[in-house]
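**Q** based on what follows, work out the 3D shape:
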Amino acid sequence: MKMKTHKALASRVKITGKGKVTKLRAGQCHFNSHESGKVGRRKKRGKTMSSTHRKAIETLMPNK
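**A** Numbers count the residues shown, from 1 in each chain. Now for the predicted structure:
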């Protein structure tokens, strides 16, 4: 049977060229005007997920 990509995870996660897994930081959709610029800039950067999650992500995204 053909393995399918888990689309909910694929929309939230990006796999880099070297195989690292990155995601957006939480809490950046709205209510950001009261936060400092330092916090806003930190939220815009992606966050690299730990390598312990890599095995689970590889099973959910086999074709990436």
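
**Q** please name the nearest non-neighbouring residue to the spatially most central residue of the chain.
**A** Compute the mean C-alpha point of the chain, and by Cα atoms, centre = their mean the closest residue is residue 23, 1.7 Å away. Leaving aside its chain neighbours, residue 23 sits nearest to residue 13 (5.2 Å; criterion: Cβ to Cβ, 6 or more residues apart in numbering). C-beta here means a position set from N, CA and C on the backbone, and glycine is covered the same way.

**Q** that neighbour touches residue 22, doesn't it?
**A** Yes - the pair residue 13 / residue 22 is scored as a contact, 7.2 Å apart, by Cβ atoms under 8 Å.

**Q** so who does residue 8 touch?
**A** Counting by Cβ atoms under 8 Å, 6 or more residues apart in numbering, residue 8 touches no other residue.

**Q** ok, it to residue 61 distance?
**A** Residue 8 is 11 Å from residue 61, where distance means Cβ to Cβ, to the nearest Å.

**Q** ok, which stretches of the chain are strands?
**A** For the chain, strands defined by DSSP state E occupy the ranges 13-15, 21-23, 47-48.
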